[in-house]
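Colleague: any chance you can model this:
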Amino acid sequence: MKFTRSAIFAAVALTNVNVHAFVVQQQQTQRAFVGSSSSLSSTAENTKKQERLRFMKNEQFHRRGFKEVRSGVENTMDAEYKSDIVDTMKANEYVLQRDGVKVHLAKDFGFCWGVERSIALAYEAVEHFPDRKIHITNELIHNPEVNDKLSNMKVQFIEKKEDGGKRFETVDEGDVVILPAFGASFEEMDRFDKMNVDVVDTTCPWVSKVWNTVDTHQKNGLTSIIHGKYGHEETVATVSFCEDYICVKDMKEAEMVVDYILNGGDKEEFLKYFEKAVSKGFDPDTMLDKVGLANQTTMYKKETRAIGQLFQKTMMKKFGPVEVGTHYMEFDTICDATQERQDAVDELVVDKEKLGLDFILVIGGWDSSNTAHLLEIPHKAGVRSFHINRAECIGADNTITHRTVDGEIVTEPFVLDLDKEIVMGVTSGASTPDAAVQESLGNIFMLKKVHDAAKEE
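Modeller: Take a look at the predicted model:
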């Protein structure tokens, strides 16, 4: 994948770009921070962002890869992750007809440059440190094939404890630690900075952009409202760079927060509901007067925008239009690749009748947030759709095992009429290699081919 080298340089450039604010802060005030989420709480003179930049200056901290092994890694990634079938569809207006199946591929799909960069950096680390024990703090990305390949390359995934912690005691002096595409928490980065280990940082620059956003909140005395799932690896990393924060996973939870801002309520009940989604010592009576919005980069962009408008209108209602800039700040931190893939699926949904689609297949890890949001689009439009994580989910008995929008894994009949031509749409999440799309389509081609052959006997 020749994109790898340019991706690394583009990543460095992106992390140096200032974030653009949609709603400009009018008054530079700063309140005392109460109940920091970390015992390593920063001060105005030494913020967590400044500490992170200090970590990155350590000569054992690597984020630009290793040039001497790059060419070999590019060849390996091409062999493992590219797809002739996908390349054919891209060259043929994103359409393929084969073995009684017509496939319409979404215009934007699959690996984003941040994911491709992350995989390349991890592979380069393995090649650069051949005699060192290499660990990774989480799954590199939410894709089973990629993580399995890393495991086969002897990369050791640091085990999680039942209490949510990790068994860092397995990391010894002189080892190598890979930080995944989601990033690592401030506490983890601080821990490794104090050890004699080499750190290979594969964090997606869009995630770093969110960290810069919450740092801006902190400097302006704002509580960070994170549109994201509090247990997701990326959000866990993001909130570790916050002081005061609350996570809302959807519009329903955002409306609960807005109702408290405007009307107050049962503080104990509010905190019980959000107990896992707020900073230590969070006080909704004092920490919701000035807020800034950021988000997990893989969330559904339309919902993030709607939540932003909701909070802006709320602050306008409570404090008046003149003061809204003092009480609310919003930044665009949705990943471009996430939005492009959502728009492409939306296009398939809009054209469903014209194309004659029987269903839309969404391919990607079941714990992949961006892939799950791709499924929501056809589901909400009433289009038959399935989210699978591997080609093996498509059974030879014409069943499909898939993840529903509610998170259940179910098995049900797949193609409703195998006697006619199958017409389908397909897309894949930003952490899904093209090879996974090819394997899944291959199973569908075979399913149809076997059925037609049996009819002719």
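Colleague: ok, residues contacting the helix or strand that contains residue 341?
Modeller: Using DSSP states H and E, the element containing residue 341 is helix 336-350. Residues outside helix 336-350 that contact it (Cβ atoms under 8 Å, 6 or more residues apart in numbering): 104, 106-109, 112-114, 206, 297-302, 355, 357, 360, 362, 370, 373-374, 377-378, 381, 383, 425, 427, 429-430. In short, each C-beta sits where N, CA and C put it, glycine included.
Colleague: could I have the buried ones of those residues as ChimeraX selection syntax?
Modeller: Remark: buried members of the contacts of helix 336-350, expressed as a ChimeraX selection using 16 or more other Cβ atoms under 10 Å:
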select :104,106,107,108,109,112,113,114,206,297,298,299,300,301,357,360,362,370,373,374,377,378,383,425,427,429,430
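Colleague: from the contacts of helix 336-350, which ones fall inside strands?
Modeller: 104, 360, 362, 425, 427 (DSSP state E).
Colleague: which pair in the residues you listed spans the largest distance?
Modeller: Using Cβ to Cβ, those reach their maximum pairwise distance at 104 and 362, which is 13.3 Å.
Colleague: between these two, what contacts are shared?
Modeller: residue 426.
Colleague: list the contacts for the spatially most central residue of the chain?
Modeller: Centroid-nearest residue in the chain: residue 298, 4.2 Å away (criterion: Cα atoms, centre = their mean). Residue 298 sits next to 234, 335, 338, 368-370, 373, 430 when contact means Cβ under 8 Å, 6+ apart.
Colleague: what is the helix or strand hosting residue 199 packed up against?
Modeller: Residue 199 belongs to strand 198-201 when assigned by DSSP H and E. Secondary-structure packing of strand 198-201 (3 or more Cβ pairs under 8 Å, 6 or more residues apart in numbering; DSSP states H and E): strand 61-62, helix 113-128, strand 176-179, helix 186-193.
Colleague: need those in a markdown table with distance to residue 288 and mean pLDDT, can you?
Modeller: Supplementary listing: those in a markdown table, determined by distance: least, Cβ to Cβ, whole Å; pLDDT from 0 to 100:
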| stretch | distance to residue 288 | mean pLDDT |
| --- | --- | --- |
| strand 61-62 | 36 | 97 |
| helix 113-128 | 32 | 97 |
| strand 176-179 | 32 | 98 |
| helix 186-193 | 23 | 96 |
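Colleague: circling back: kindly export the strand holding residue 199 (C-alpha atoms) in CSV.
Modeller: Provided in CSV are the C-alpha atoms of strand 198-201 (Å, rounded to 0.1, in the frame of the first residue of the first chain):
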residue,chain,number,x,y,z
ASP,A,198,10.6,2.2,23.6
VAL,A,199,7.1,3.6,22.8
VAL,A,200,5.7,3.4,19.2
ASP,A,201,2.8,5.8,19.0
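Colleague: which outside residues touch that strand?
Modeller: Contact partners of strand 198-201, identified using Cβ under 8 Å, 6+ apart, comprise 55-56, 58, 60-63, 121-122, 125, 129, 132, 175-179, 189, 192-193.
Colleague: let me see the mean pLDDT of it.
Modeller: If you average the pLDDT over strand 198-201, you get 98.
Colleague: and that strand, which strands flank it?
Modeller: strand 61-62 (parallel), strand 176-179 (parallel) (DSSP bridges).
Colleague: which regions of the stretch 101-250 of the chain sit below the pLDDT cut-off?
Modeller: Applying pLDDT under 70 to the stretch 101-250 of the chain picks out no residues at all.
Colleague: recalculate using a threshold of 80.
Modeller: Applying pLDDT under 80 to the stretch 101-250 of the chain picks out residues 164.
Colleague: and the helices in it?
Modeller: Along the stretch 101-250 of the chain, counting by DSSP state H, counting those that start in this stretch, helices occupy 113-128, 144-152, 186-193, 205-219, 233-239.
Colleague: distance of the nearest residue to residue 430 once chain neighbours are set aside from residue 188?
Modeller: Leaving aside its sequence neighbours, residue 430 sits nearest to residue 112 (Cβ to Cβ, 6 or more residues apart in numbering; 4.1 Å). Distance, residue 112 to residue 188, by Cβ to Cβ, to the nearest Å: 24 Å.
Colleague: cool, residue 182 as well?
Modeller: 12 Å.
Colleague: who's more crowded, the two?
Modeller: Ranked by neighbour count (other Cβ atoms under 10 Å), residue 182 and residue 188 place residue 182 first, with 27 against 21.
Colleague: closest one to residue 448 among the strands paired with strand 198-201?
Modeller: strand 176-179 (41.2 Å).
Colleague: next one: the closest one to chain centre, how far?
Modeller: Remark: strand 176-179 is offset 19 Å from the chain centroid, using Cα atoms, centre = their mean, to the nearest Å.
Colleague: same check, this time on stretch 175-191
Modeller: With Cα atoms, centre = their mean, you get 16 Å for stretch 175-191.
Colleague: hmm, which of the contacts of strand 198-201 are the buried ones?
Modeller: Counted by 16+ other Cβ under 10 Å, those give 55, 61-63, 121-122, 125, 129, 175-179, 189, 192-193 as buried.
Colleague: quick check, nearest of the residues you listed to residue 443?
Modeller: Closest to residue 443, out of all of those and judged by Cβ to Cβ, is residue 122, at 28.2 Å.
Colleague: any idea how far the closest one is from residue 203?
Modeller: Taking Cβ to Cβ, one finds residue 122 at 12 Å from residue 203.
Colleague: please apply the same query to residue 117.
Modeller: For residue 117, the distance to residue 203 - Cβ to Cβ - is 10 Å.
Colleague: is it possible to get CSV of the contacts of residue 298 that adds distance to residue 212?
Modeller: Shown next, in CSV, are these (distance: Cβ to Cβ, whole Å):
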residue, distance to residue 212
234, 14
335, 14
338, 18
368, 24
369, 21
370, 21
373, 23
430, 21
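Colleague: sorry, back to before: which one of the strands paired with strand 198-201 lies nearest to residue 329?
Modeller: strand 176-179 (27.8 Å).
Colleague: and the helix or strand residue 96 falls within, what does it pack against?
Modeller: Per DSSP H and E, residue 96 falls inside strand 95-98. Using 3+ Cβ pairs under 8 Å, 6+ apart, the elements in contact with strand 95-98 are helix 84-91, strand 101-105.
Colleague: take the ones you listed and lay them out in a markdown table including distance to residue 279.
Modeller: As requested, these are arranged in a markdown table below (distance: least, Cβ to Cβ, whole Å):
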| stretch | distance to residue 279 |
| --- | --- |
| helix 84-91 | 43 |
| strand 101-105 | 43 |
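Colleague: deepest-packed of the ones you listed, please.
Modeller: With neighbours taken as mean count of other Cβ atoms under 10 Å, the helices and strands packed on strand 95-98 reach their highest mean count in strand 101-105, at a mean of 21.
Colleague: thank you, goodbye.
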